[in-house]
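Asker: Need a 3D model of the following:
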Amino acid sequence: MSEFKVWTRWRPLEGIEAPTGEIHCQSQEDDSQSRSRISITSPHRAKSLLKRENSWTSGFSFDGIFRPNDSNHDVFERVVSSAIPDVLRGKSCNFFAYGHSGSGKTHTMIGYDFEHKNELGLCLASAHHLAMELIAINARSTASKFGIGLRVYELRKNKAIDLLNEGNECFVREGPDGRLHVRGETELLENGKVRVRPITTKPCWNFVQLQGELQQGLMRRQTATSSMHDQSSRTHAIMELEVITKDLLEARIQVNERQSELVPVGKIATDIYIEEQTRGIILTADGKYVSNPDYKIDQERIDAAETKKAEFESAVQKAEEYEAEVFTATARVHPCIGGKLVFVDLAGAEFLSTSNTNAIEQTALEKQQGKQINTDLLALKEVIRARSLGQSRIPYRSSPLTMVLREHFEAKPDTRSAMILTVSPSGDQFGATMNTLKYGDLVGLANTRSSFPPSSGQKKEQHISSLHKK
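Answerer: Just a heads-up that it's a prediction; the model follows:
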């Protein structure tokens, strides 16, 4: 069974925010479930409009609460550290940071102080621990040298921007095999060959190299001044750490090369078939298509093209089989191969209509970006909810964000995932903080099976649906 936990992290109140007052927060723990509920009250309760919510209480939906004085190291130890052994067994673990702009998502995921290990964000702290584990594994074996394959990209609408490849635009597409592919534009090469590059994987053989690559890539991430924050993340940044070997990466390159060779040959075969079939029919005066008596379809030409195509398809299949053989052989050395840590720094969720009575008017661009961001975040919540309820249909296709995350959610039947809600204590951001907690409450309740008796699954789903409507 997949595990999905929800945590809340309060950031400190900044000095310039003191005049706005501080949100009053209380928490209550349910020892039987090891879960917490949160109650918040606006410092401006007496001044609030009658129709405006000025207090709110969650269900027992949070796995833990981090206080303003908790460090990034504290968050790593409680949320991520226990997942490292799973990754070393080849599993995929996913971690999300969700919250409004300025609430501390990027600080939590990446961190800003790279000199002190205790202040590294979750991604870099995990990379450091994983790198140390791989050094120990490599010291015990001479068969394969394990490293970390780093992929960093951001999602802008239906495009993925490869931050480790000069911001190359890639497209999120589902292939006929049902698998999702994130690849760049088609490149024309010599001799009619084409190449469609996947998201770049940078092999890193030590932590210092990985940290440099990650920082360089994140410098290309799109930020903008929003009505809430002067450096608001307007895209979802996805950082993948995968345990790899040089042989595995080279085998994947060979698969990509064989696929590049197949594309033009397959196009020629398709063109020949269409050309022959088109010549073989004519349009009569009464608007009907009939066989052309003056032309005989050249089936030998079609068969020759299909035979050539089959040869290149066979080459692709052999390359894929070799990749699988390399993976299997390496897994016999150590099961860590292919293990993944996926960190998603979600774009800032804005709820300006309820955040405060003096909210700044959103620009047209902010409204457009906000609409796409909130669509993605709603889709993510529904995917998590559907998976937790064991529904037969999981709505991955609802947004590019959930499409690219499908592979990670379904990598293993017992994946470990967590969401960290980052919230601000500032009184003038009460509405945004409340909406962030409401989002986490819905996600957390969907995963709290023990809150409902086994016989009341239908009541649980109805309860969650009613909360969703709110």
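
Asker: Find the residue at the geometric middle of the chain.
Answerer: Leu405 (4.5 Å; Cα atoms, centre = their mean).

Asker: Following the chain onward from the strand or helix carrying that one, which element is next?
Answerer: According to DSSP states H and E, Leu405 maps onto helix 400-409. Along the chain past helix 400-409, the next helix or strand (assigned with DSSP H and E) turns out to be strand 416-423.

Asker: Okay, now the unreliable bits of the stretch 251-400 of the chain?
Answerer: For the stretch 251-400 of the chain, residues meeting the criterion pLDDT under 70 lie at 350-363, 365-366.

Asker: what about 50?
Answerer: Residues of the stretch 251-400 of the chain that meet the criterion pLDDT under 50 lie in 352-359.

Asker: Determine the number of other residues adjacent to Arg173.
Answerer: Here the number of neighbours of Arg173 (other Cβ atoms under 10 Å) works out to 13. All C-beta atoms are positioned from the backbone trio N, CA, C, and that covers glycine.

Asker: how long is stretch 416-431 from one end to the other?
Answerer: Using Cα to Cα, to the nearest Å, one end of stretch 416-431 lies 31 Å from the other.

Asker: That stretch: how far from the chain's middle?
Answerer: Distance, stretch centre to chain centre, for stretch 416-431: 19 Å (Cα atoms, centre = their mean, to the nearest Å).

Asker: Could you list every helix and strand in contact with the helix holding Leu405?
Answerer: strand 92-98, strand 147-156, strand 159-162, strand 168-174, strand 180-184, strand 236-244, strand 340-345, helix 364-388 (3 or more Cβ pairs under 8 Å, 6 or more residues apart in numbering; DSSP states H and E).

Asker: Output the ones you listed as TSV; include the columns distance to Ser42.
Answerer: Listed next are those as TSV, based on distance: least, Cβ to Cβ, whole Å:
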stretch	distance to Ser42
strand 92-98	21
strand 147-156	33
strand 159-162	38
strand 168-174	40
strand 180-184	42
strand 236-244	29
strand 340-345	28
helix 364-388	23
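
Asker: so which of the ones you listed comes closest to Ala285?
Answerer: strand 168-174 (42.8 Å; Cβ to Cβ).

Asker: Need the residues that contact that closest one.
Answerer: 153, 155, 158-162, 180-185, 197-200, 397, 400, 403-404 (Cβ atoms under 8 Å, 6 or more residues apart in numbering).

Asker: one more time with 6 Å
Answerer: Strand 168-174 is contacted by residues 158-160, 162, 180-184, 400, 403-404 when judged by Cβ atoms under 6 Å, 6 or more residues apart in numbering.

Asker: follow-up on the earlier one: what's the spacing between the residue nearest to the centre of the chain and Gln216?
Answerer: To Gln216, Leu405 is 24 Å away according to Cβ to Cβ, to the nearest Å.

Asker: Likewise for Ser55?
Answerer: Distance from Ser55 to Gln216, counting by Cβ to Cβ: 45 Å.

Asker: now swap in Asp294 and tell me
Answerer: Note on Asp294: its distance to Gln216, by Cβ to Cβ, is 64 Å.

Asker: With neighbour numbers in mind, choose between these two.
Answerer: Gln216 (13 against 7).

Asker: so that one, which of the three states?
Answerer: Assigned by DSSP: H, G, I helix; E, B strand; the rest coil, the conformation of Gln216 is helix.

Asker: Show the pLDDT at it.
Answerer: pLDDT for Gln216: 92.

Asker: what sits against it?
Answerer: Contacts of Gln216 (Cβ under 6 Å, 6+ apart): none.

Asker: go again using 10 Å as the cut-off
Answerer: 152, 163-164, 202 (Cβ atoms under 10 Å, 6 or more residues apart in numbering).

Asker: farthest-separated two in these?
Answerer: Using Cβ to Cβ, the contacts of Gln216 reach their maximum pairwise distance at Leu163 and Lys202, which is 10.4 Å.

Asker: of these two, who's got more company?
Answerer: Neighbours per residue (other Cβ under 10 Å) separate Leu163 from Lys202, with Leu163 holding more: 27 against 20.

Asker: Tell me which stretches of this protein form helices.
Answerer: For the chain, the helices defined by DSSP state H occupy 72-75, 84-87, 105-109, 122-140, 207-218, 246-279, 299-333, 352-355, 364-388, 400-409, 430-446, 457-469.

Asker: how about those in a markdown table, adding distance to Ser36?
Answerer: Putting the helices of the chain into a markdown table (distance: least, Cβ to Cβ, whole Å) gives the following:
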| stretch | distance to Ser36 |
| --- | --- |
| helix 72-75 | 16 |
| helix 84-87 | 24 |
| helix 105-109 | 18 |
| helix 122-140 | 20 |
| helix 207-218 | 32 |
| helix 246-279 | 42 |
| helix 299-333 | 39 |
| helix 352-355 | 24 |
| helix 364-388 | 18 |
| helix 400-409 | 25 |
| helix 430-446 | 9 |
| helix 457-469 | 17 |
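
Asker: Good, wrapping up.
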